[in-house]
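K.L.:
Need the 3D shape of this:
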Amino acid sequence: MSKYKILFIIFCISSSAFVSAAERVDPLKIFLKEFKTLQANFTQTLLSEDGQQLEKTTGTLYLQQPGKFNWHYKEPYIQKIITNGEVLWIYDEDLEQLTIRKFESDMIEKTPAAIILGNSKLEKHFDQVDLGNIDGYNWVELTPRDLNAQYANIRIGFDVKRLGMMIIADNLGQTTRIDFDDVNKNTTLAAELFNFEIPADVDVIDERQTSTSESE
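P.N.:
Numbers count the residues shown, from 1 in each chain. Modelled structure (predicted):
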């Protein structure tokens with residue numbers, strides 16, 4: 001399931017520079033102010049419990065309010081995770097397989113994707129503390145209130161108003177770190193980025209039909 005870790009990321013950072021959020025401006029709040037769209041390249045690194053690199057991928061991310069995203073892995077494999085806010089497509093080009101699911105807002109309310117998208121329920125699902133400036137980034141840490149969450153905490157580093165890095169610790173002791181570059185905020189994004197045209201000769205698993213038949 002490591003390929004499907006949408007925005008699941010973290011790396012060990014000392015919290016000795018902790019500063020209460022009340023003592024300075026909240027960098028996450030600044031980033032989310034008037035947030036509409038985001039485009040960025042990323043490098044995602046999965047690390048084992050002892051810090052060994054398990055996987056490294058690169059790609060491009062597109063986000064648009066409300067609730068639309070396109071997470072495109074390009075190397076070493078090609079995979080696309082796309083939603084238009086109603087349908088979720090997960091396309092694995094190497095396996096020639098497409099999974100289609102109904103997209104519901106609560107699918108991401110408790111995930112790192114919700115943080116970048118500025119979900120209005122962040123305070124409901126996360127406790128936030130300010131870690132201060134570490135190695136040139138202003139860091140915040142968010143801890144899920146849900147004890148059954150798949151990750152222990154999320155740390156996000158900002159270079160002033162720019163999203164620089166996200167790091168998430170999962171409950172298996174692994175960490176995933178995502179470094180962002182060429183970040184562009186509030187630029188116009190093409191509508192087709194958030195829809196998916198099914199290629200020919202692809203194995204399609206439509207879980208919307210499965211859930212419908214189970215409810216009958």
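K.L.:
you'd agree residue 143 is up against residue 127?
P.N.:
Yes - shown here, residue 143 and residue 127 form a contact pair, counting by C-beta atoms under 8 Å, at 4.8 Å. All C-beta atoms are positioned from the backbone trio N, CA, C, and that covers glycine.
K.L.:
Look at these two and report which has more neighbours.
P.N.:
Between residue 143 and residue 127, residue 143 has the larger neighbour count (other C-beta atoms under 10 Å), namely 16 against 11.
K.L.:
downstream neighbour of the strand or helix carrying the more buried one in the secondary structure list?
P.N.:
Assigned by DSSP states H and E, residue 143 belongs to strand 137-144. Using DSSP H and E, the next helix or strand after strand 137-144 towards the C-terminus is strand 151-159.
K.L.:
That following strand - contacts with which helices or strands?
P.N.:
When contacts are defined as 3 or more C-beta pairs under 8 Å, 6 or more residues apart in numbering; DSSP states H and E, strand 151-159 sits against helix 27-32, helix 112-116, strand 126-134, strand 137-144, strand 162-170.
K.L.:
try 10 Å this time
P.N.:
Identification of packing neighbours for strand 151-159 by 3 or more C-beta pairs under 10 Å, 6 or more residues apart in numbering; DSSP states H and E yields helix 27-32, helix 112-116, strand 126-134, strand 137-144, strand 162-170, strand 175-185.
K.L.:
re earlier: overlap in contacts of residue 143 and residue 127?
P.N.:
Taking C-beta atoms under 10 Å, 6 or more residues apart in numbering as the contact rule, residue 143 and residue 127 both touch residue 153.
K.L.:
before we move on, the earlier item: make CSV out of the helices and strands packed on strand 151-159 and add distance to residue 56.
P.N.:
What follows is these, written out as CSV (distance: least, C-beta to C-beta, whole Å):
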stretch, distance to residue 56
helix 27-32, 25
helix 112-116, 18
strand 126-134, 23
strand 137-144, 21
strand 162-170, 15
strand 175-185, 10
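K.L.:
if we compare those, which one ends up closest to residue 152?
P.N.:
strand 162-170 (4.4 Å; C-beta to C-beta).
K.L.:
can I get the CA coordinates of that closest one in CSV?
P.N.:
Coordinates of each C-alpha in strand 162-170 appear next as CSV, following Å, rounded to 0.1, in the frame of the first residue of the first chain:
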residue,chain,number,x,y,z
ARG,A,162,5.7,28.9,0.7
LEU,A,163,5.0,25.2,1.4
GLY,A,164,8.5,23.6,1.7
MET,A,165,8.2,20.2,3.3
MET,A,166,5.7,17.8,4.9
ILE,A,167,6.8,14.9,7.1
ILE,A,168,4.5,12.3,8.6
ALA,A,169,5.2,9.5,11.1
ASP,A,170,3.0,6.5,10.8
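K.L.:
Which residue comes closest to residue 180 once chain neighbours are left out?
P.N.:
Residue nearest to residue 180 in three dimensions, not counting chain neighbours: residue 40, with 4.5 Å by C-beta to C-beta, 6 or more residues apart in numbering.
K.L.:
Next: residue 65.
P.N.:
Counting by C-beta to C-beta, 6+ apart, residue 36 is the residue found nearest to residue 65 once chain neighbours are left out, at 5.5 Å.
K.L.:
Distance of that neighbour relative to residue 55?
P.N.:
Distance from residue 36 to residue 55, counting by C-beta to C-beta, to the nearest Å: 32 Å.
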